[in-house]
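**Q** Sequence and predicted structure, then a few things I'm wondering about:
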Amino acid sequence: MVDYHMHTPLCGHASGSADEYVESAIAGGFREIGFSDHAPMPEGLRKGISMSPDEAEGYVSSIEAIKQEYGGKIKVRLGFEVDFPLFESFDEKYLTDARIDYLIGSCHFVDGWAFDHPAHIDGYNGRDIDDLYDRYYSQLEGLVESGLFDIVGHFDLVKKFGYRPKKDFSRTIEKIAGIAAAKKVAVEINTNGISHPVREIYPSDKIIGILFDRNVAVTFGSDAHSPDRVGYRFTEAAEKIRRAGYRKICGFSGRKRYDIVL
């Protein structure tokens, strides 16, 4: 099993050292893990959300050191979680940096609104939820189409607070899945949604089925912000994707994808 979505205190809302995350993974029987902390956001947005641009290189170097320290015990991969559309604060050199194993592309903002942040939940008041989903999935399509990323983060994050659309977005999701398959972009099975009002894994069972039917690769991510959350509810997640038909997940090294048997 692998966990490719783990954070560090550099993001401003996580706790525990990188060593503690690795030790937690080893104790949990993991063969492979990946750090994917939030890439730098602009100054006005970054407080408590992401590292600063001048911390990015230190982050990369620290995880490189962790790789060496634990090389005989567990595979440690290095990534970033990058917001799309890209902020100018993200140094695009990391898109081609040989040290980077993978990049997760995520959408946390719609028209400048941090729709998944509890501090901004009032933004849902009076909002057209179908329109929100339209805008979100339009951005997600652009993310996948860009070809910049290896993994789509929390595919249906827009459901986090339990707001559901009346419109059926199946065709939209099928289109995005088709693009992901063509671009060889994987989707993470992110268990963090279970801890939020929606009480569901990202993505939903229905979307997982669509992804399988379109031959989209998947991997696992806990979105851990503390060491005790590494691999959170992964047994349940594995059962879900097996029911959909998956018999393998994927890993990454140097931006190259490989299969891992479930």
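**A** Yep, it's here. Numbering: from 1, shown residues only.
**Q** Flag every buried residue along stretch 245-261.
**A** 246, 249-252, 255, 257 (16 or more other CB atoms under 10 Å). Every residue, glycine included, has its C-beta placed from N, CA and C.
**Q** which phi and psi does Gln139 have?
**A** The phi/psi pair for Gln139 (degrees, to the nearest 10) reads phi -60, psi -40.
**Q** Need the per-residue pLDDT for it.
**A** Note for Gln139: predicted pLDDT of 97.
**Q** show me the contacts for it.
**A** By CB atoms under 8 Å, 6 or more residues apart in numbering, Gln139 lies in contact with 84-85, 107, 110.
**Q** same check, this time on Glu92
**A** Neighbour list for Glu92: Leu86 [criterion: CB under 8 Å, 6+ apart].
**Q** Dump the buried residues of stretch 245-261 into a markdown table; add distance to Ile121 as well.
**A** Converted to a markdown table, the buried residues of stretch 245-261 look like this (distance: CB to CB, whole Å):
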| residue | distance to Ile121 |
| --- | --- |
| Tyr246 | 33 |
| Ile249 | 33 |
| Cys250 | 34 |
| Gly251 | 35 |
| Phe252 | 34 |
| Arg255 | 36 |
| Arg257 | 36 |
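**Q** tell me, what residue is most central in this protein?
**A** The chain has Gly153 as the residue nearest its centroid, 2.9 Å off, counting by CA atoms, centre = their mean.
**Q** can you give me the strands for the stretch 151-262 of the chain?
**A** Along the stretch 151-262 of the chain, counting by DSSP state E, counting those that start in this stretch, strands occupy 151-152, 186-190, 218-221, 248-253, 256-261.
**Q** Return the distance of the residue of the chain positioned farthest from its centre relative to Ala244.
**A** Farthest-out residue of the chain from its mean C-alpha position, per CA atoms, centre = their mean: Gly126, at 28.8 Å. Separation of Gly126 from Ala244 (CB to CB, to the nearest Å): 36 Å.
**Q** can you check His225 too?
**A** In terms of CB to CB, His225 sits 27 Å off from Ala244.
**Q** what pLDDT, on average, does stretch 232-249 get?
**A** pLDDT averaged over stretch 232-249 gives 98.
**Q** list the contacts for the nearest residue to Tyr124 once chain neighbours are set aside?
**A** Nearest residue to Tyr124, sequence neighbours excluded (CB to CB, 6 or more residues apart in numbering): Tyr163, at 5.9 Å. Tyr163 sits next to 124, 129, 132 when contact means CB under 8 Å, 6+ apart.
**Q** contacting residues for the closest residue in space to Tyr258 that isn't next to it in sequence?
**A** Excluding the flanking residues, the one nearest Tyr258 by CB to CB, 6+ apart is Gly251, at 5.5 Å. Counting by CB under 8 Å, 6+ apart, Gly251 touches 2, 4, 32, 75, 77, 219, 257-260.
**Q** would you list the residues you listed in TSV and tack on distance to Phe90?
**A** Formatted as TSV, these follow (distance: CB to CB, whole Å):
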residue	distance to Phe90
Val2	25
Tyr4	19
Glu32	25
Lys75	26
Arg77	19
Thr219	22
Arg257	22
Tyr258	26
Asp259	29
Ile260	28
